[in-house]
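Novice: I'd like to go over a predicted model; first the sequence, then the structure.
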Amino acid sequence: MESAPSIGVHPQPTGARGTYDEYVESISDAQREEARSHIRDHALGEAARIARLSRIREFVLGAQDGLLVPLGVVTGMAAANPGKSAILVAGLAEAVAGAIAMGGGSYLASEAEEGLYVAEIRDEGLEITAEPEREVAELALVLEDEGLDRESAEQVSRGLAANPNVFLRTKVQKELGLSPDAGGAAIGDALVVGATYLGAAVVPLWPYFLFAVPTALPISLACTLIALFALGIVKGRVARQRLLPAGLQVLLIGGVSAGVGWVIGHVVTGAVG
């Protein structure tokens, strides 16, 4: 009576399928191709998807400030009651100037960050060229700290060092904590921040185009607070946070901003007559 094959061991194929070694090699190639396909279709796609979702930071920043700052301006102006034209001029001027300032600030900040990343990666590459053995030892220590035994860590480090590009990318990730593919997002970040700021500023401003100030003020407040709550919900959904607390958090910040603007308007009006 024949014993069953051991678990994990393929029975040796015969005939047209070739020798056992060829069969194992074909399986290995298929698995390798499957892994490559997974990386192309899933891993890299997931990285791109997460990168797009991470831009929610710029979207929330631009939209929240675009709602809050113009709301504070028009609410404070409405409290001072200089007339609808003055309120609209102040609100529109702030919206345009704020969009330019926010977009420009985002661009300069992202550009400076990217410049720092490029300089750090360049310096790391120079260190690898100048002191290759030291850099191999450094990576081995990092891998050892992450859980590999010393022999395995040294073996992996030397294996990676055989390919300069792979070695540099690994060093950048493991030692510097940076993504070797980071960069190139400064213009996109600036456009997202500036455009969302300007678009969001329409919400607290539009009632003043259509209604008298006493009517426009509560409509502006209500529309802006609803938009802030919705923005918090969107942020919570993308960031996988609890939706109600996320919405209330942004709503609370908006309420404080409107209240501060109203108080300042009354205080200034009372002070200057």
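Specialist: Right, received. Where do you want to start?

Novice: mind checking which helix or strand of this protein has the lowest mean pLDDT?
Specialist: Sorted by mean pLDDT, DSSP states H and E, the helices and strands of the chain end with helix 44-54, the least confident at a mean of 60.

Novice: Report the next helix or strand after that helix in sequence order.
Specialist: Reading on from helix 44-54 to the C-terminus, the next helix or strand found by DSSP states H and E is helix 56-80.

Novice: quick one: that following helix to chain centroid distance?
Specialist: Remark: helix 56-80 is offset 22 Å from the chain centroid, using C-alpha atoms, centre = their mean, to the nearest Å.

Novice: So which elements touch that helix?
Specialist: For helix 56-80, the helices and strands in contact under the criterion 3 or more C-beta pairs under 8 Å, 6 or more residues apart in numbering; DSSP states H and E are helix 84-130, helix 186-210, helix 213-238, helix 243-272. C-beta coordinates here come from the backbone N, C-alpha and C atoms, glycine included.

Novice: Now for M102, how many residues are close by?
Specialist: 23 (other C-beta atoms under 10 Å).

Novice: and if you look at F59?
Specialist: Applying other C-beta under 10 Å, I find that F59 has 20 neighbouring residues.

Novice: Quick check, it in contact with Y197.
Specialist: No. In this structure, F59 sits apart from Y197 without contact. The criterion is C-beta atoms under 8 Å, and the distance is 10.1 Å.

Novice: Compare the helices and strands packed on helix 56-80 and give me the one nearest D145.
Specialist: Nearest to D145 among the helices and strands packed on helix 56-80 is helix 84-130 (18.1 Å), distances taken as C-beta to C-beta.

Novice: counting contacts, what elements does that closest one pack onto?
Specialist: Secondary-structure packing of helix 84-130 (3+ C-beta pairs under 8 Å, 6+ apart): helix 56-80, helix 132-145, helix 164-171, helix 186-210, helix 213-238.

Novice: Save the ones you listed as JSON lines, and put in mean pLDDT and distance to L88 too.
Specialist: Formatted as JSON lines, the entries for the helices and strands packed on helix 84-130 read as follows, by pLDDT from 0 to 100; distance: least, C-beta to C-beta, whole Å:
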{"stretch": "helix 56-80", "mean pLDDT": "83", "distance to L88": "8"}
{"stretch": "helix 132-145", "mean pLDDT": "87", "distance to L88": "59"}
{"stretch": "helix 164-171", "mean pLDDT": "87", "distance to L88": "54"}
{"stretch": "helix 186-210", "mean pLDDT": "90", "distance to L88": "5"}
{"stretch": "helix 213-238", "mean pLDDT": "88", "distance to L88": "10"}
